[in-house]
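> this one's sequence-less:
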Ligand code: HEM
Ligand SMILES: Nc1ncnc2c1ncn2[C@@H]1O[C@H](COP(=O)(O)OP(=O)(O)OP(=O)(O)O)[C@@H](O)[C@H]1O
Ligand SMILES: Nc1ncnc2c1ncn2[C@@H]1O[C@H](COP(=O)(O)OP(=O)(O)OP(=O)(O)O)[C@@H](O)[C@H]1O
Ligand SMILES: [Mg+2]
Ligand SMILES: [Mg+2]
C-alpha cells in the first residue's frame, strides 16, 4: 500500500502532514466561526424581533 | 491584582491592543537584516544569535510605551493610585502582563526565525533558553523606564533612550549564551549571570518603578 | 504651509519634542550591535553598511508615530481639516518636517557611527549619499503609514508592521549602494533606482496619505 | 440581470448557498484525487527521489497564495469604486486563506529545501518575495482587526492593498537585483503550453491546482457569508441598542 | 448664510438624526439642545465638513466654518501666543491681540498651554475662533469648565461676532446668557427603522 | 470625616493656595467655587493623595477617597460593563448593577466605551464612584457635558450617598441643584510673597 519513499520519507511525510494539518485547521476554524456567526445572528434576530 | 492582570491581557487581545505586533516586529527586523547586510548564508549564520537577541530586545522595547502611557492618558493611573492596591504589586502585574503578551511569544517564535538566518543547529536550544530567562528582565526593566517617562508627552523615543542602556547587561549575557550555544561552547557562566540579573531585577525593580511613578504623577 | 512647517519644527525642538531622540536611538542600536554579534573587527566591518542602514531605518520608523498621532489626540487634525490648506500639501509639509528633524540628523551622524563599526574608508561617501537620497522616501512612506493608523489607539506597533514591508525596496537599494561603495564596486545602478523610488514616492504618496486620512477621520 | 446584483448581501447568501455544496464536493474531490494520485500513483524522480511528491502541495499552495492577493486587490478596487459591501467583506474573508496558503508554500518549500539544497531557507528572490507577501498579508489582517468602524476598515485596508501591491512588485524587482537565486523556474507557463515536468507528475499536479483553487473559492464563499452574518448581527444589535 | 436641508446623519454606521433642516441668517445665533447622545456633536461635525451626511444637503459651509470641538487642539509645548499665532497664520490673518483681549489672555500670554488650568485652556481654545476670521462659528459645548466671568467674556465675544454679521451654531446643555433661538434636536432622532443609505443598511 | 488644616499647595512649583482649612462631616457635601485657575483641581488632587501639600495636614483621606478627575479613566476598547467590573474588582466590591441603575446605563451596557458620546462617557465615569464603595467622594466638575436628566440622576446618586453617611467635595462652576454648603477658595489664593517651602523658594 504505502509507496516506497526511500531516504526522503521523513521529508515527504512531514510536508504532507504539516500541509494537511494547516488546511484542516483552516477549514475547521472557518466552519466553527461560521456556526458561531449563525448563532449570533439568530440571537440578534430574535432580540430585534422582540424589540420591534 | 488578578483583575488587573485579566484586564491588561484582555486589552492586549482586543482589536488594536497590540498582541502579536511585537512578534510581527521581531519577524520584520529579522527579515530586513539579510536585505541590509546581504544574503550570504555563512555571514548570516555568524551573526544570527546576536541579531535574534537584538531583534527580540527591540520588539520588547517598542511595546513598552503602551505599558503605562495609555493608562496615564485616560486618567486610569491617577485612579489606580487612589485604589487599595500596593503600587509595587500593580506594576509587577503590569510587567507580567507585558511579558505574557510580548516576551513569551518572542521566545516561542525565535527558533522559527532562526531558520531564516541559518542559525547553527546546536544554537536553537540555547537561544530559546537564553530568551526565556532573559526576556522577563526586559519587561521589568522596561516597566521602570515606562514609569520614568510616564508624564511626558509621547515619551516613546525618550523611553527607548533611557531603557536601552539598562538593557545592555541583559543583552550581553543573553547574546553570549546564544552565541556560545550556537558555537558549541559551554554556556553555564553567562547563563548563570543572566538568571541572576533576572531574579534581582524582578525582586527589586518594582520598588524603584513605584517610587518613580509616585514622583512623576505628583 | 510655512506656518505649519515652522510649528512642527518648533514642537520637535521643544522639550519632549523628540528631536535628537531618533539620533540617540540610532546611536544606541549601533552600539548594541557589537554587544550582540561579538566584537570581531572584520565581522563588524563586513556588516557595517547594512547595520547603519537598518539602524537609520528603525530610528526613522520609531519617530513616525508622533507624526500625526499627537495632532490627532489633541484635536488639531480635525481643525486642520477645516482650515484652508490642501491636505496633500499639509501632509507633505509634515513629512518634510519629519525628515528635517529625523532623517537629516541621521545622515549627518552616520559617518561618525561608521567609525564605531569599522566601516571601510571607501564606504563613508556612499553611505552618506545613499542615506541622503533614501531617507526622504522613508519619511514620506512613513507618513502614509501614520495616516493609515491615525484613528487607532496606540497604533505605534501596527504602524511599524504596515510600514516595514513598504520600506523593503528602499532598504535594499540603499544598503546595496552603501555596501558596494564600501567594497569599491560601481554604485550607479542601485543609486539610480533609489533616487527613482524617492522621486516617485514624493510625487505620489501624499495623495494616498491624504485620501487615507480623510477616510480615517470620517 | 447584472452581475452586480450579487453585491447585495441577501442575494449573495442565496447564491452562495446554492453553489457551495457543489464547490465543496468538487474541491474536496479534486484535492483528494490529486494528492492520492500524486502520493501513491507517481514514480520517484531520478534526481529528486521521493521529494517530488511535495510538489503537489507546494506549487498549488504557492499559486493560490499569489492569486488570493490578486483577488483581494480586485475586490478592494470594486469596493473603492462601486462600494459593494460584499466585495469588501470577500477581501477580508480571503486574507486568512491567503496566509495559510502562503505558510503552506513556505513550509513545504523549506522541507523540500533541506534535502535538495541542503538548507531550510535561502535568500533566493522567489522565496524572499514570498516572505514579503506574507508580511503584507499580516499587515493587512492586522489593520482590519485594529479598526473599529467596518466601513472605515474596508476603505483603509483597500488602499493598503493597492499601495501594497505596487510595493510588492517593486520589492520583487529589488530582491531580484539584490540576489540571483537557485529556485526552479516556472514549470507551468500557461501561455506557452510548454512545461518542464514529465506528464506523470503533471496531470496530478494540475488536478491539485484545480482542487486548491476550488477550495479557495469555496472557503471564500463560506467565510464571506460568515462576515455578512456578523455584520448583520452587529447592525441589528446596534440599532436595537441605539433605539433603547 | 448657512442652510441645511433634510439631513440624515450617521455615527458608527447607524443613523442618528434624520430629516433635520435649519437655516442661519447673518447676525443670528442658534442654540442646539438635546439629551446626551442625541447627535449634537455628529451634526456639528458634519457641518464642519468632517463627516459626509448620509443624505440631504449642507449649503454655505464650505470654507466658512470655524469649528471648536470637545477637544481644543492646543499644543501643550507651545505658549499661548504661539498657539494662537499658528492658527492665525494658517487662516491667513495676522493680528492676535484682539483675540487675547477678548478672552483676557494677556496675563497668560507667555505660559505654556500645557500648564493652564481646564478653564484657561478652554478660553484659549475659544480665542482661536477670533483669529480664524471665519463667519460661521460652529461650537460644541463652548463653556465647559468656564467660570462665570469667562462665560460673560464668551458671550461678549459672540455678540460682537454676530454684530459684525457673523453667525453661530452652538450645542450646549447650560444657559449661556445670550438671546438666541433654540432648536431641540430630539424630534429628529432616527429610529431603528430609518433607511437612508447608512452603511449597515445593506445588511438589514 | 475629612479635615484639612492650614493647607498650602503648589502647582508647577509655584504656590497656588495658602492657609486653606475645611472639614467635612458624614452626610455633608461641600461645593468648591472659584474662578478658573484658582486652584480647585490642585486642592482635589492633594486630597486624593496624588500630590503632597507644601505644608498643612490632610486627615481622614487615606484610602477613603474616591476621586473623579477631569479625565474619566475609561478604556475605549472595553465595554461599559467591563469597565465598571474592572473597577469593582479593584476596589473589592462585586455588584455593578446598582451603579448601572443609578446612571441609567443598562441600555449602553454592551457598548464599547470608546463609542459613547461625551455625556454618556461622563455618566459611566460617575457610575464608577458607586462601585468603589468609598465614603468620601472628591469630584472635579462632575456634571460637565451632562444633560439635565443626567444631572438629576447625579444629584439623586449623590443624595443617596450622603444619606448613607458618605461625604462629598465637589468643584464646579455650575449649579448642581443640591443643597450644600459652598466654599469659595478665592480668598486663599497664594500671593507672590507666599513662602511655604515651594520648590523654587531656595532661589528667592
Ligand atoms: C521555503 C522555500 C520555498 C518557497 C517559499 C518557495 C516558493 C515557491 C513559489 C512562490 C513558487 C511559484 C509558483 C509559481 O510561480 O507558479 C514555487 C514553485 C516551485 N517550487 Fe518552490 N519554494 C521553496 C522551496 C522550494 C524547493 C526547495 C524546491 C525544490 C527543490 C522547490 C521547487 C519548486 C517547484 C518545482 C516549483 C514549481 C515551479 C512551477 O511550476 O512554477 N521550491 N515555489
Ligand atoms: N465613535 C462612535 N462610534 C459609534 N457610535 C458613536 C460614536 N460616537 C458617538 N456615538 C453614538 O452616536 C450617538 C450620537 O452621539 P453624539 O456624540 O453626536 O451625541 P451628543 O448629542 O454630542 O451627546 P453629548 O451631549 O453627550 O455630547 C450617541 O448615541 C453615541 O453613543
Ligand atoms: N501642570 C501645571 N504646571 C504648572 N502650572 C499649572 C499646571 N496646571 C495648572 N497650573 C496652574 O495652577 C493654577 C491652579 O490650577 P488648577 O488647575 O488647580 O485650577 P482650577 O481651579 O482647577 O481651574 P479650572 O476651573 O479652570 O479647572 C492655575 O493658575 C494654573 O495655571
Ligand atoms: Mg457631544
Ligand atoms: Mg480644574
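Received it, and whenever you're ready, just let me know what you need. Note that the structure is a prediction, hence the values are computed from the model and not measured. Ligands and ions are numbered 1, 2, ... in the order given.
> what's the distance between residue E:73 and ligand 5?
When distance is defined by C-beta to the ion, to the nearest Å, residue E:73 is 19 Å away from ligand 5. In this view, the C-beta of every residue, glycine as well, is placed from N, C-alpha and C.
> That residue: what's it in contact with?
Taking C-beta atoms under 8 Å, 6 or more residues apart in numbering or on different chains, we find residue E:73 in contact with C:74-76, C:78-79, E:125, E:128.
> secondary structure class for it?
Classification of residue E:73 using DSSP: H, G, I helix; E, B strand; the rest coil returns coil.
> per-residue pLDDT, residue 39?
Since no chain was named, I'll use chain A. What the model reports as pLDDT for residue A:39 is 94.
> Chain D, not that one
At residue D:39, the pLDDT recorded in the model is 85.
> Can you tell me which of the contacts of residue E:73 is closest to ligand 5?
residue E:125 (14.7 Å; C-beta to the ion).
> in stretch B:109-123, what's buried?
Buried residues in stretch B:109-123, counted by 16 or more other C-beta atoms under 10 Å in any protein chain shown: B:109-111, B:113-114, B:116-120, B:123.
> should've said stretch E:107-122
Those would be E:108, E:111-113, E:116-122, for stretch E:107-122 by 16+ other C-beta under 10 Å.
> Reformat the residues you listed as TSV; add pLDDT, distance to residue C:47 and secondary structure.
Output for the buried residues of stretch E:107-122, formatted as TSV (pLDDT from 0 to 100; distance: C-beta to C-beta, whole Å; DSSP: H, G, I helix; E, B strand; the rest coil):
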residue	pLDDT	distance to residue C:47	secondary structure
E:108	92	54	helix
E:111	91	50	coil
E:112	90	44	strand
E:113	90	46	helix
E:116	91	50	coil
E:117	91	54	coil
E:118	90	53	helix
E:119	92	57	helix
E:120	93	54	helix
E:121	93	50	helix
E:122	93	55	helix
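> Looking at these, which one is closest to chain F?
residue E:119 (2.9 Å; C-beta to the nearest C-beta).
> And what about the residue in chain B positioned nearest to ligand 3, helix, strand or coil?
Proximity of chain B to ligand 3 (C-beta to the nearest ligand atom) peaks at residue B:151, 9.3 Å away. What three-state DSSP gives for residue B:151 is coil.
> Quick check: closest non-adjacent residue to it.
residue B:216 (4.9 Å; C-beta to C-beta, 6 or more residues apart in numbering or on different chains).
> Output the contacting helices and strands for the longest helix seen in chain D.
Secondary structure assigned by DSSP state H gives helix D:199-243 as the longest helix of chain D. Applying 3 or more C-beta pairs under 8 Å, 6 or more residues apart in numbering or on different chains; DSSP states H and E, one finds that helix D:199-243 contacts helix A:9-51, helix D:9-41, helix D:55-82, helix D:85-117, strand E:14-24.
> Now the fourth one: buried residues?
Looking back up the chat, that one is helix D:85-117. D:85-116.
> Give me the below-cutoff pLDDT ranges for chain E.
Along chain E, segments meeting pLDDT under 70 span E:196.
> Would you mind listing the residues in contact with the nearest residue to residue D:75 once chain neighbours are set aside?
Distances taken as C-beta to C-beta, 6+ apart put residue D:91 closest to residue D:75, at 3.9 Å, once the chain neighbours are dropped. By C-beta under 8 Å, 6+ apart, residue D:91 lies in contact with D:71-72, D:75-76, D:79, D:154, D:157-158, D:161.
> if I look at residue A:25, how far off is ligand 5?
55 Å.
> Would you check how far apart that residue and residue D:97 are?
12 Å (C-beta to C-beta, to the nearest Å).
> The residue nearest the centre of chain E: which element?
By C-alpha atoms, centre = their mean, the mean C-alpha position of chain E lies nearest to residue E:139, the distance being 1.8 Å. Taking DSSP states H and E as the definition, residue E:139 sits inside strand E:136-140.
> ditto for residue D:43
Residue-wise, residue D:43 maps onto no helix or strand under DSSP H and E.
> So what does it have for phi and psi?
Note on residue D:43: backbone dihedrals following degrees, to the nearest 10 are phi -80, psi 170.
> ok, for it, nearest residue in space, not its chain neighbours?
Nearest non-adjacent residue to residue D:43 (C-beta to C-beta, 6+ apart): residue D:200, at 6.3 Å.
> same thing with residue A:14?
Closest to residue A:14 by C-beta to C-beta, 6+ apart is residue D:111, at 5.9 Å.
> check contacts around the one you found.
Contacts for residue D:111 (C-beta under 8 Å, 6+ apart) come out as A:11, A:14-15, A:18, D:54, D:120.
> again, only this time at 6 Å
A:11, A:14-15 (C-beta atoms under 6 Å, 6 or more residues apart in numbering or on different chains).
> tally of neighbours for residue D:41?
Look at residue D:41: counted by other C-beta atoms under 10 Å in any protein chain shown, it has 12 neighbours.
> right, I mislabeled it, should have said residue E:46
25.
> same thing with the one 5 residues further on?
By other C-beta under 10 Å, 16 other residues sit near residue E:51.
> Go ahead and confirm residue B:212 touches residue B:147.
Yes: under the contact definition of C-beta atoms under 6 Å, residue B:212 touches residue B:147, with a separation of 4.6 Å.
> Just want to know which of those two has more residues nearby.
Ranked by neighbour count (other C-beta under 10 Å), residue B:212 and residue B:147 place residue B:147 first, with 29 against 18.
> For residue E:77, see how far away the more buried one is.
For residue B:147 relative to residue E:77 (C-beta to C-beta), the value is 22 Å.
> Kindly report the same for residue B:137.
Following C-beta to C-beta, the distance that separates residue B:137 from residue E:77 is 34 Å.
> In contact with residue E:186: list those residues for me.
Per C-beta under 6 Å, 6+ apart, neighbours of residue E:186: E:34, E:38.
> pLDDT value on the most centrally placed residue in chain A, please?
Nearest to the mean C-alpha position of chain A, counting by C-alpha atoms, centre = their mean, stands residue A:28 at 1.8 Å. Note on residue A:28: pLDDT of 96.
> How about residue B:146?
Taking residue B:146 on its own, its pLDDT is 91.
> helix or strand right after the host helix or strand of it?
Using DSSP H and E, residue B:146 maps to helix B:123-148. For helix B:123-148, the succeeding helix or strand toward the C-terminus, using DSSP H and E, is helix B:156-183.
> tilt between that following helix and helix B:123-148?
In terms of direction (axes from the mean of the first three to the mean of the last three C-alpha atoms, to 10 degrees), helix B:156-183 departs from helix B:123-148 by 160 degrees.
> Now helix B:156-183: buried residues?
For helix B:156-183, by 16+ other C-beta under 10 Å, it's B:156-164, B:166-167, B:169-182.
> relative orientation of whichever helix or strand comes after it and helix B:156-183 in degrees?
Per DSSP H and E, helix B:156-183 leads on to helix B:188-217 as the next helix or strand towards the C-terminus. Helix B:188-217 runs at 170 degrees relative to helix B:156-183, counting by the same axes, to 10 degrees.
> Go ahead and confirm residue A:19 touches residue D:104.
Yes: if you go by C-beta under 6 Å, residue A:19 and residue D:104 touch, sitting 4.8 Å apart.
> Can you add distance to residue E:26 and give the contacts of residue D:91 back as CSV?
Putting these into CSV (distance: C-beta to C-beta, whole Å) gives the following:
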residue, distance to residue E:26
D:71, 55
D:72, 51
D:75, 49
D:76, 46
D:79, 43
D:154, 41
D:157, 45
D:158, 43
D:161, 47
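> And the furthest pair within those residues?
The distance between the two most remote of the contacts of residue D:91 (C-beta to C-beta) is 15.3 Å, for D:71 and D:154.
> Between these two, which has more neighbouring residues?
A direct count of neighbours by other C-beta under 10 Å for residue D:71 and residue D:154 places residue D:154 higher, at 25 against 20.
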